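Undergrad: Next comes the sequence, and after it the predicted model I'd like to discuss.
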Amino acid sequence: MMLMAVLNKQFLHKLKNNILFFILYTLLFFIICKTFGYIAPFFIGGLLAFIINPLSQKLERKFNINKGISTLFLSFLGVGTVIFIASFLVFQGSQQLVDFLNNLDTNNYSYLNDMITNWMSNVSHYIDYIEGLSNNSINVQELVAKYGQSIANVAKSLLAKTIGLATSIPTIMLLILTLFMSTYFIAKDFDKIGNGFLSIFTDETRIKVRRVKSEAVSSLKGYIKAYAILMSLTFAVIWLSFTLFKVPYGLPLALIGAFLDLIPFLGIIVIFVPVIIYYFVMDNYFISIGITIIFIALSIIRQILEPKLVAQNVGINPLLTIVAIFIGIQVKGVLGIIFFLGLLVMHSILQKVDIL
């Protein structure tokens, strides 16, 4: 009661609405995450239908092509593109992984492993010296041997799962058929689905819902544009620099780095740091120093561009963007970033349409 007497009624009303929004948003996000394995074909189909619908409308208006026919053709094209990209990544990744595993059995790996073990042994002596008063010494050699073997085991396990997935033809065919059918029918009845959803609201609320949809579409396009630029930059820098210094597996590493770039900063660390350490241990200081300079430059550019691009294209405050990214990665990595950035975007949209 004391709090009610001190705080402004309008503020309390907004606070209540914001708390309700946060609860509903969190609940919806949680449900989507937990059920994504079941709804993935329909979710991807919905995204493809969202892209296809305006294209089929243009074809109908300009060339008088029946929407059913154009939607069917574009659905084939969209699903085919998704399958091609997924297949390319799987087969190329598997091929590079096989080459990597084969190289693990060569003398070069044994030589490299011995060098790393000896180098880390020296580091261990320094650690023991510095921490002489500590009873819990760090056995670095044991850690290197343990986790060095773990890397090979993880890689072999990943390859086995990939091969197992590739042999699950009936499941894959069912997923492809489900994806195509969901894409086609959602795209074909896109307007009907939208109108059916709007029909549950009053006329006044319907106007706000349309505004929310318009703002959400604009923000989604901006978000995709921002991260497409950042991921393309990461991909180009990794591929070109590794090609320039003749680092093997440049293309798959660049693809992995681009996708991991959804996790700010961590993506390029995972790619660059092992390469820098490898060439340093192999006494190839030219490549090690060169890759280090590129890594530092890309890190600085990436950290400067990300908040600005997200803020400009999505329409949220740069400081809040940094806060959302930092908290998100601490809480749940990529999912945390998506959750908090989505929270900011949706809150901003609902404020613009006078709902919050």
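TA: Yep, it's here.
Undergrad: so where is the protein shaky, pLDDT-wise?
TA: 1-7, 89-170, 262-267, 314-315, 318 (pLDDT under 70).
Undergrad: which residues in it form helices?
TA: 2-6, 9-63, 67-104, 107-130, 140-166, 169-188, 190-198, 203-244, 250-260, 266-281, 285-314, 318-352 (DSSP state H).
Undergrad: what's the longest one packed up against?
TA: Spelled out, it's helix 9-63. Where contact means 3 or more CB pairs under 8 Å, 6 or more residues apart in numbering; DSSP states H and E, helix 9-63 is packed against helix 67-104, helix 169-188, helix 190-198, helix 318-352. Yep, even glycine has a C-beta here, placed from its N, CA and C like the rest.
Undergrad: now do the last one
TA: Contact analysis of helix 318-352 by 3+ CB pairs under 8 Å, 6+ apart lists helix 9-63, helix 203-244, helix 285-314 as its packing neighbours.
Undergrad: and if we set it to 6 Å?
TA: With contacts defined as 3 or more CB pairs under 6 Å, 6 or more residues apart in numbering; DSSP states H and E, helix 318-352 has these neighbours: helix 203-244, helix 285-314.
Undergrad: Next, the buried residues of the last one.
TA: When neighbours are counted by 16 or more other CB atoms under 10 Å, the buried residues of helix 285-314 are found to be 287-288, 290-292, 294-295, 298, 302, 306-307, 309-311, 313-314.
Undergrad: Also stretch 241-250?
TA: Applying 16+ other CB under 10 Å to stretch 241-250 flags 241-242, 245, 247, 250 as buried.
Undergrad: now do stretch 9-23
TA: Buried, per 16+ other CB under 10 Å, within stretch 9-23: residue 21.
Undergrad: Pull the residues that contact that stretch.
TA: residue 356 (CB atoms under 6 Å, 6 or more residues apart in numbering).
Undergrad: so how far is it off the chain centroid?
TA: 31 Å (CA atoms, centre = their mean, to the nearest Å).
Undergrad: Alpha carbons of that stretch, as PDB, please.
TA: These are the backbone C-alpha positions of stretch 9-23, laid out as PDB (Å, rounded to 0.1, in the frame of the first residue of the first chain):
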ATOM      1  CA  LYS A   9      -0.600   5.200 -11.200                       C
ATOM      2  CA  GLN A  10       0.400   5.500 -14.800                       C
ATOM      3  CA  PHE A  11       3.900   4.100 -14.000                       C
ATOM      4  CA  LEU A  12       2.300   1.200 -12.100                       C
ATOM      5  CA  HIS A  13       0.000   0.500 -15.000                       C
ATOM      6  CA  LYS A  14       2.900   0.300 -17.400                       C
ATOM      7  CA  LEU A  15       4.900  -1.800 -14.900                       C
ATOM      8  CA  LYS A  16       2.100  -4.300 -14.700                       C
ATOM      9  CA  ASN A  17       1.800  -4.500 -18.500                       C
ATOM     10  CA  ASN A  18       5.600  -4.900 -18.900                       C
ATOM     11  CA  ILE A  19       5.700  -7.700 -16.300                       C
ATOM     12  CA  LEU A  20       2.800  -9.400 -18.100                       C
ATOM     13  CA  PHE A  21       4.600  -9.000 -21.500                       C
ATOM     14  CA  PHE A  22       7.800 -10.500 -20.100                       C
ATOM     15  CA  ILE A  23       6.000 -13.500 -18.700                       C
END
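Undergrad: and which of the buried residues of helix 285-314 is nearest to residue 269?
TA: residue 295 (8.3 Å; CB to CB).
Undergrad: Can you report how many residues neighbour the closest residue to that closest one other than its chain neighbours?
TA: With sequence-adjacent residues excluded and distances taken as CB to CB, 6 or more residues apart in numbering, residue 295 is closest to residue 272, at 4.0 Å. Number of residues near residue 272 (other CB atoms under 10 Å) recorded here: 23.
Undergrad: hang on, isn't residue 272 packed against residue 296?
TA: No. With contact defined as CB atoms under 6 Å, residue 272 does not count as touching residue 296 (9.2 Å).
Undergrad: quick one: stretch 349-356 to chain centroid distance?
TA: For stretch 349-356, the distance to the chain centre is 28 Å (CA atoms, centre = their mean).
Undergrad: Can I get it in CSV, CA atoms only?
TA: The C-alpha trace of stretch 349-356 is given here as CSV (Å, rounded to 0.1, in the frame of the first residue of the first chain):
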residue,chain,number,x,y,z
ILE,A,349,7.5,-2.7,-31.4
LEU,A,350,4.7,-2.8,-28.8
GLN,A,351,5.8,0.6,-27.5
LYS,A,352,5.6,2.0,-31.0
VAL,A,353,2.0,0.8,-31.4
ASP,A,354,1.0,2.1,-28.0
ILE,A,355,0.4,-1.3,-26.4
LEU,A,356,3.1,-1.0,-23.7
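Undergrad: In it, which residues are buried?
TA: 349-350, 353.
Undergrad: Distance to residue 60 added to those residues, as a markdown table?
TA: Supplementary listing: those in a markdown table, determined by distance: CB to CB, whole Å:
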| residue | distance to residue 60 |
| --- | --- |
| 349 | 30 |
| 350 | 33 |
| 353 | 30 |
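Undergrad: from the residues you listed, which single one is nearest residue 202?
TA: The closest of the buried residues of stretch 349-356, once distances to residue 202 are taken by CB to CB, is residue 353, at 14.8 Å.
Undergrad: Spatially, what comes nearest to the closest one if we skip its sequence neighbours?
TA: residue 211 (4.4 Å).
Undergrad: Check residue 191 too.
TA: residue 53 is the one closest to residue 191 (CB to CB, 6+ apart), at 7.7 Å.
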